[in-house]
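Asks: Structure, please.
(chains A and B, ligands or ions: 2)
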Amino acid sequence: MSETGGTPVTTDESTLVARLSDRFPAASLAVRNLSRQRLRAGLAMLGIVIGVFAVVTLGMLGTALQTAALSELGGLGNQVIITPGDGGENLDQREIQTIRQAAAGGGTVIPLKSGGASVTGPDGQSFGQLYGTTRPGSLFSVEGVPDSLRQGAVIGDDLAAELGARVGSTVEIETNRYRVLAVIDSEGTFSPIRPGSAVVLPPGEFVDDDYTQVVVQADSADDARAIAAGVRERLNGREERVSVLSLTSVLSRITEFFALLNGFLLAIAGISLIVAGVSIFNVMLMTVSERRGEIGVLRAVGIHRDEVLRTLLVETTLLGVGGGALGALLGTTVVVGVALGTRLPLAAVLVPTNGVVAVGALGFGILIALVGGLYPAYRAAWEPPVESLRG
Amino acid sequence: MSDDAAAEAVPRVERATRPVPPLRLDGVTKQYAGGGGTVTALDDVEFTVERGEVTAIMGPSGSGKSTMLNMLGLLDDPTTGRVELLGSPVAGLSASERTDVRRKRVGFVFQEFHLIPTLSAVENVRLPTRFLETDSTDRAVDLLDRVGLGDRLGHTPDELSGGQKQRVAIARSLINEPDVLLADEPTGNLDRDTGETVLGEIATIAEGGVGVVAVTHDALVGEYADRTVRLVDGVLHE
Ligand SMILES: Nc1ncnc2c1ncn2[C@@H]1O[C@H](COP(=O)(O)OP(=O)(O)OP(=O)(O)O)[C@@H](O)[C@H]1O
Ligand SMILES: [Mg+2]
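Replies: Ligands and ions are numbered 1, 2, ... in the order given. Next up is the predicted model:
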């Protein structure tokens, strides 16, 4: 060997490594110790990968399902439907006025006339649910339905198909002819009014002057709840003049159910992370008992207990960070893949809550690794050096 | 009255005016309770480490030599008796303070070298200073040079021979410029020539004011020692 052959500190790269290891003495020792037992470190990390993966996939899918379901059912929860109470047929103007007062500032009041009639279209005849309102847009929040209706008709898609009617066709009801202004896509809307077979006409087309029901489209679920309570209080004080139907409570049940389901799935996934923590604990116990002598040397030559502890904790934390990051990445990829391959909309996956799920799972994985390594590291660092040195 | 005159007239006074010894064992007894009864590894040992002096401890296997070094290095506590650091007892020091004493004042050469397998020679030598801010690389390279390993700086322990490992361990014990060097068989794995080089280095270090205590079976060490003591069944004989 030549004079300079054994000098390693020649290239820029190795001086950089040397400087880094000077800067982070615990981390550089930890990295070397981990790479000494690659397979074992890999297996310990695999536990964390699987645990974090499980939490991320189940958590994200749960959130996505909940988001998708609520966005489809969402309109339903904000509707309050008021129909005449015991024995009544119609709602009179005073009652509608009272409902407007109760709903003031919290939603749009849509008085409806309704009835059934035979409808004739270009290709045939069928039974339609007639609704009379000037504001079909608020009732069916679907693209293409006009906000206000003065003449003509808006019909449901199922009915349109049976009649062979399209936008621009003419339909006939009891000798009156109406131009079809829009067709309601019943897939995209949830409403207590059956949109598929609906025929929406201006209220003036009905013979009867009184309205048969009032739909209040509230601005939020809380508003809907408040309006329903307000209407009950004002109108049903003495006798049951109206019956008030609000699906808010049904919707909040659905939300609760999803929360419970998500919690349950996360708990199962969490258990797998805890198992990973146990395996980290085990691996760190093995590692420190193998390195007992070395740790004794560190202590004997004047490395403090907390410095030894730090080195060992960096080691276990690195397992958590590596495994957690890999698990979170794999989990996110799988969930996005599921969204792309099924009807689950990608937008329901990419919600802020899922960011919290991913970061939270990663953090939990790191924490579990840290906790798993704490006791073995503490025990090794606190052992009297003479005893460690005896091996 | 000059110090010299006092020294000649009253030896006791001369001892009192000398600088305090870095380490002293005062009536130290160490017993181990084991399955086969109590073993007395050290029996009422009186021993002082003097600055600038090389002391060789000789004695048969199991006579308590390593135990005695552990006492001197604050690695272990005596069963009875006391260990003094710069004149004051160490019994009251916390674990952290003892660690600091080892880090700053004591150099260890262990019987089995105890190098860290993942670290290169230079890094092993720098180990005691690893968590300090100072950059000890130059000193580590210089020390390795002095023990004849200037061309093995980047090698890990498994790439070194037994004697080379021993020399790395000696270089490591000197990295913190210790007051006291405690060496367990420092020449145990060295041939005569290398042993002489290493002992020459140790003697040079002692001349710089370091108190050296070397456990040995090697008569060569005796030649370099200022004083040789014998340990038999835990009892120290001057
Ligand atoms: N931790 C311990 N527990 C029980 N007995 C011990 C312990 N450490 C040392 N001994 C005993 O103390 C005695 C002295 O041991 P020590 O290691 O000091 O011997 P030594 O002089 O260094 O021997 P060698 O030359 O073989 O290294 C031995 O009898 C040994 O069995
Ligand atoms: Mg020994």
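
Asks: In the stretch 51-200 of chain A, which residue sits nearest ligand 2?
Replies: When scored by Cβ to the ion, the stretch 51-200 of chain A has A:Gly51 as its residue closest to ligand 2, at 47.2 Å. All C-beta spots, glycine's among them, are computed from the backbone N, C-alpha and C.

Asks: Break down the stretch 201-350 of chain A into its helices, ranges please.
Replies: A:221-235, A:248-290, A:292-300, A:305-341, A:346-349 (DSSP state H, counting those that start in this stretch).

Asks: and those, which is most packed in?
Replies: The highest average neighbour count among the helices of the stretch 201-350 of chain A, using mean count of other Cβ atoms under 10 Å in any protein chain shown, belongs to helix A:292-300 at a mean of 23.

Asks: one step back: output the helices of the stretch 201-350 of chain A in CSV; the columns should cover distance to A:Gly360 and mean pLDDT.
Replies: Shown next, in CSV, are these (distance: least, Cβ to Cβ, whole Å; pLDDT from 0 to 100):
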stretch, distance to A:Gly360, mean pLDDT
helix A:221-235, 26, 86
helix A:248-290, 9, 87
helix A:292-300, 34, 93
helix A:305-341, 10, 94
helix A:346-349, 16, 88
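
Asks: My read is that A:Met60 contacts A:Pro352, right?
Replies: No - using Cβ atoms under 8 Å, A:Met60 is not in contact with A:Pro352; the gap is 11.9 Å.

Asks: And the closest residue to chain B within chain A, how far from ligand 2?
Replies: Nearest to chain B in chain A, going by Cβ to the nearest Cβ, is A:Gly302, at a distance of 2.5 Å. Separation of A:Gly302 from ligand 2 (Cβ to the ion, to the nearest Å): 21 Å.

Asks: What residues does that residue make contact with?
Replies: A:Gly302 makes contact with B:Thr99, B:Asp100, B:Val101, B:Arg102, B:Arg103, B:Lys104, B:Val106, B:Pro128, B:Asn176, according to Cβ atoms under 8 Å, 6 or more residues apart in numbering or on different chains.

Asks: Tell me which helix or strand B:Ala203 sits in.
Replies: Here B:Ala203 sits within helix B:192-207, counting by DSSP states H and E.

Asks: Show me the contact partners of that helix.
Replies: Taking contacts as Cβ under 8 Å, 6+ apart, the residues outside helix B:192-207 that touch it are B:52-54, B:146-148, B:163, B:166-167, B:170, B:174, B:181, B:183, B:186-187, B:190, B:212, B:214, B:218, B:220-221, B:224, B:226.

Asks: Just the CA atoms of the helix or strand just after that helix, as CSV, please.
Replies: Note on helix B:192-207: by DSSP H and E, the next helix or strand toward the C-terminus is strand B:211-215. Output of strand B:211-215 as CSV, limited to C-alpha atoms (Å, rounded to 0.1, in the frame of the first residue of the first chain):
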residue,chain,number,x,y,z
GLY,B,211,0.0,9.3,35.2
VAL,B,212,0.2,5.9,33.5
VAL,B,213,-1.0,2.7,35.1
ALA,B,214,-0.4,-0.4,32.9
VAL,B,215,-1.5,-3.9,33.8
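
Asks: Neighbouring strands - and their directions - for strand B:211-215?
Replies: For strand B:211-215, the pairing partners within the sheet under DSSP bridges are strand B:54-58 (parallel), strand B:180-184 (parallel).

Asks: looking at these, which is buried most?
Replies: strand B:180-184 (a mean of 25).

Asks: That one near ligand 1 anywhere?
Replies: No - judged by Cβ under 6 Å from any ligand atom, strand B:180-184 stays clear of ligand 1, getting no closer than 7.1 Å.

Asks: by how many degrees do that strand and helix B:192-207 diverge?
Replies: If you take axes from the mean of the first three to the mean of the last three Cα atoms, to 10 degrees, strand B:180-184 sits at 160 degrees to helix B:192-207.

Asks: Make a ChimeraX selection of whichever of the contacts of helix B:192-207 turn out to be buried.
Replies: Of these, the buried ones go into a single ChimeraX selection, burial set by 16 or more other Cβ atoms under 10 Å in any protein chain shown:
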select /B:53,54,146,147,148,163,166,167,170,174,181,183,186,187,190,212,214,218,221,224
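
Asks: what about chain A, any weak spots by pLDDT?
Replies: Applying pLDDT under 70 to chain A flags residues A:1-14, A:74-76, A:141-144, A:187-193, A:391.

Asks: With just CA atoms, put the helix or strand that contains B:Asp145 into PDB.
Replies: Here B:Asp145, judged by DSSP H and E, is contained in helix B:137-146. Only the C-alpha atoms of helix B:137-146 are listed here, as PDB (Å, rounded to 0.1, in the frame of the first residue of the first chain):
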ATOM      1  CA  THR B 137      -9.700  14.700  13.400                       C
ATOM      2  CA  ASP B 138      -6.200  16.200  13.100                       C
ATOM      3  CA  ARG B 139      -5.300  15.000  16.600                       C
ATOM      4  CA  ALA B 140      -6.700  11.500  15.800                       C
ATOM      5  CA  VAL B 141      -4.600  11.300  12.600                       C
ATOM      6  CA  ASP B 142      -1.500  12.500  14.500                       C
ATOM      7  CA  LEU B 143      -2.000   9.900  17.200                       C
ATOM      8  CA  LEU B 144      -2.500   7.100  14.700                       C
ATOM      9  CA  ASP B 145       0.600   8.200  13.000                       C
ATOM     10  CA  ARG B 146       2.500   8.000  16.300                       C
END
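
Asks: Need the three-state assignment for the residue lying closest to B:Val39 once chain neighbours are set aside.
Replies: Distance criterion Cβ to Cβ, 6 or more residues apart in numbering or on different chains; nearest residue to B:Val39, sequence neighbours excluded, is B:Tyr32 at 4.6 Å. Three-state call for B:Tyr32 (DSSP: H, G, I helix; E, B strand; the rest coil): strand.

Asks: tell me the contacts of B:Tyr32?
Replies: Contacts for B:Tyr32 (Cβ under 8 Å, 6+ apart) come out as B:Thr38, B:Val39, B:Ala41.

Asks: hmm, back to that, so for A:Met60 and A:Pro352, which sits in the more crowded spot?
Replies: Neighbours per residue (other Cβ atoms under 10 Å in any protein chain shown) separate A:Met60 from A:Pro352, with A:Met60 holding more: 28 against 8.
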